[in-house]
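K.L.:
Build me a model:
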Amino acid sequence: MERFKTEVIAKSTVNHARVTKVTTAHGSFETPAFMPVATRAFVNHMTPRDLIETGSQIILGGNTYHMLVNPGMDIIYAAGGMHKFMNWQGPMLTDSGGFQVFSLSQNKKICTIDENGAHFKHPINGKIIHLTPQTSIEAQKIIGADIIMAFDECTPEAGGIDAAIKAMDRTHRWLLESKAVHDTSPHSAYDYPQALFGIIQGGSFRDLREKSAEFVVNANTDGIAIGGEIIGFDRQKTAEIIEWIRPILPEHKTRYTMGVGLGPQDLIDVVANGIDIFDCVAPTRNARHGALYAGKFIQENGWLKFDGQNNSDRLLIKKSMYAKDETPIMEDCSCRTCQQFTKAYLHFLFKQQGALYYQLACIHNVHVMQQACALMRMIIMPNE
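P.N.:
Just a heads-up that it's a prediction; the model follows:
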């Protein structure tokens, strides 16, 4: 059974992009790699076969908070873990529930945070659930993902430097507690080796980000994630934060920006800055709401860019201009949707709220994100 490791295969000659091979107990994958998000144990409107056909190598499978709420750890354990429960055979990452705690804690009646962790009401039966570094790691071992995350507090932007310091200090303490639990048994409940990633916080403050990066690096986790509300939400600030901390990050560990992937260019930008993996709900969420990625990938000055139409990287399929458009969403897209269906048909399905629309739309948007990753790998490794 393979243990987790990251090998740098190639580096770009024009920026900080790189290709790595990441080995896990459920197979290996090459980065850059986008992870479709299965927050509630499924990627919206996509089967595992759909995911494989889009080029997905690894997924974010099941969020710890949501899995504790429904279906519950007993159901997942009875199934033999999330891989078997979802019928996804490849590599999987899960998250600690930290971001959900951050969002839920805006309502103190639902969730409160203290120095030990988060305490929230089960939305169905009203029971109090305690999510701490220990219970988060224990739950992630039952989920059984190949990559698990240290419990953290997502840094809010609205609170300024005081909130950023508070979240960072808790995150650092919880990282050590998470690692202590993990190190006692670095395997899942099903005896598969698991990798633990620490999460860098610090908000939009350079000194805090650098301090947090040094702390996480010194904790010697298997990989390093960059978190906080600003990451992925603000493209320019995300790039700036990566620039600040990249010199601190070790070469031989996987780098993960959490929540990055509003569109193809977001992936291209963070990879140019040295990031390996990323996840975002935006591709399937955009698809469901009728926003389909549309444009062309262009190689320019040794790198890649996504050239959208009319200053946008997506089209709105609900517009009447597509009612008689017999062309695919993207002319050079090899996804099943573009190969077999037209904008006119997708427009019709969307207007009818046909279930088939959601599957076809999600397939296309996820495929475009994976196409961006495949093209970047090709550019970085031109002789492969």
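
K.L.:
and residue 148, that one's in a strand?
P.N.:
Yes: according to DSSP: H, G, I helix; E, B strand; the rest coil, the state of residue 148 is that of a strand.

K.L.:
Please report the number of neighbouring residues for it.
P.N.:
If you count neighbours by other Cβ atoms under 10 Å, residue 148 ends up with 28. Quick note: C-beta positions are derived from backbone N, CA and C, even for glycine.

K.L.:
And residue 257, by the same measure?
P.N.:
Neighbour number of residue 257 under other Cβ under 10 Å is 26.

K.L.:
distance of it from residue 273?
P.N.:
Distance, residue 257 to residue 273, by Cβ to Cβ, to the nearest Å: 9 Å.

K.L.:
same thing with residue 378?
P.N.:
19 Å.

K.L.:
who's more crowded, the two?
P.N.:
The residue with more neighbours, out of residue 378 and residue 273, is residue 273; 18 against 13, by other Cβ under 10 Å.

K.L.:
hang on, the more buried one packs against residue 242?
P.N.:
Yes: Residue 273 is within contact range of residue 242, at 4.3 Å (criterion: Cβ atoms under 8 Å).

K.L.:
farthest residue from the center of the chain?
P.N.:
The C-alpha centroid of the chain is most remote from residue 324, which lies 36.1 Å away (Cα atoms, centre = their mean).

K.L.:
Let me see the contact set for the closest residue to that residue other than its chain neighbours.
P.N.:
Nearest residue to residue 324, sequence neighbours excluded (Cβ to Cβ, 6 or more residues apart in numbering): residue 344, at 5.6 Å. Counting by Cβ atoms under 8 Å, 6 or more residues apart in numbering, residue 344 touches 322-326.

K.L.:
Can you convert those residues into TSV and add a column each for pLDDT and distance to residue 267?
P.N.:
Compiled in TSV, those are given as follows (pLDDT from 0 to 100; distance: Cβ to Cβ, whole Å):
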residue	pLDDT	distance to residue 267
322	98	26
323	98	32
324	98	33
325	98	27
326	98	30
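
K.L.:
Export those as a markdown table, with columns for secondary structure and distance to residue 17.
P.N.:
Formatted as a markdown table, these follow (DSSP: H, G, I helix; E, B strand; the rest coil; distance: Cβ to Cβ, whole Å):
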| residue | secondary structure | distance to residue 17 |
| --- | --- | --- |
| 322 | helix | 35 |
| 323 | coil | 41 |
| 324 | coil | 41 |
| 325 | coil | 35 |
| 326 | coil | 38 |
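
K.L.:
The residue nearest to residue 324 falls within a helix, correct?
P.N.:
Yes: under three-state DSSP, residue 344 falls within a helix.

K.L.:
Which residue lies nearest the spatial centre of the protein?
P.N.:
Centre-nearest of the chain using Cα atoms, centre = their mean is residue 279, 1.9 Å out.

K.L.:
who does that residue bridge with?
P.N.:
Judged by DSSP bridges, the bridge partners of residue 279 are residue 35.

K.L.:
For residue 101, give me the pLDDT.
P.N.:
pLDDT recorded at residue 101 is 69.

K.L.:
ugh, wrong one, residue 49
P.N.:
98.

K.L.:
what helix or strand does it sit in?
P.N.:
helix 48-53 (DSSP states H and E).

K.L.:
After that helix, which helix or strand is next?
P.N.:
Counting by DSSP H and E, what follows helix 48-53 is strand 59-63.
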